[in-house]
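J.: Provide a 3D model corresponding to the input given below.
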Amino acid sequence: MTEEKKRCAKRVYNGSFRGSLCSKPYFATEDGGDWCKVHAPSTIKAKNEKREALWAKQRKQREAGYAIGDAQRAVIDVAKGWISDPGDELNIRALKRAIQDLIDAENKAKAL
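T.: Residues are numbered from 1 along each chain as shown. Prediction:
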């Protein structure tokens, strides 16, 4: 008698309506099934976590870019007010604050 080798329990759909079982050999038993290295729940979980970490990093970089753009627009808006009355102390303070916010946003983006 020949011993039948275990195969992966994942059903894959490659053009057929019903699909077929994965042809890869058994690697591990997890969550009540026999899985190959590709379809093992632990492998899929690790892959998803890696992808989500990459997306989170990209989202932070995008948001930092938006913050820089917002700060640049704020500096321009305040500078327009300052030009109309350069001697006004409130305009000078507002311009200094807007410039500091821009510098902070750029430093935060560089730290990512």
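J.: Excluding chain neighbours, give the residue nearest to Ala71 in space.
T.: Among residues not flanking Ala71 along the chain, Leu102 sits closest, at 3.9 Å (Cβ to Cβ, 6 or more residues apart in numbering). Glycine gets a C-beta too; all of them are placed from N, C-alpha and C.
J.: so how many other residues sit close to that neighbour?
T.: 18 (other Cβ atoms under 10 Å).
J.: now it: how far from Ala28?
T.: Counting by Cβ to Cβ, to the nearest Å, the separation of Leu102 from Ala28 is 53 Å.
J.: rewinding a little: how about residues contacting the helix or strand where the residue nearest to Ala71 lies?
T.: Using DSSP states H and E, Leu102 sits within helix 89-111. Residues outside helix 89-111 that contact it (Cβ atoms under 8 Å, 6 or more residues apart in numbering) are 61, 64-65, 67-68, 70-72, 74-75, 77-79, 81-82, 85-86.
J.: again, but for stretch 43-57
T.: Stretch 43-57 has contacts (Cβ under 8 Å, 6+ apart) with 35, 37, 112.
J.: and if you look at stretch 17-29?
T.: Residues from elsewhere that reach stretch 17-29 (Cβ under 8 Å, 6+ apart): 5-14, 34-40, 42.
J.: which among these end up buried?
T.: Neighbour counting with 16 or more other Cβ atoms under 10 Å marks 8, 10, 34-36, 39-40 as buried within those.
J.: would TSV of the residues you listed with distance to Trp55 and pLDDT be doable?
T.: Output for the buried ones among the contacts of stretch 17-29, formatted as TSV (distance: Cβ to Cβ, whole Å; pLDDT from 0 to 100):
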residue	distance to Trp55	pLDDT
Cys8	28	85
Lys10	25	84
Asp34	31	87
Trp35	25	88
Cys36	26	89
His39	22	89
Ala40	23	89
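J.: can I get the residues you listed in TSV with distance to Gly19?
T.: Formatted as TSV, these follow (distance: Cβ to Cβ, whole Å):
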residue	distance to Gly19
Cys8	13
Lys10	9
Asp34	17
Trp35	16
Cys36	15
His39	13
Ala40	19
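J.: domains for this structure, by residue range?
T.: Domain ranges of the chain: 1-39, 53-111, per automatic domain parsing.
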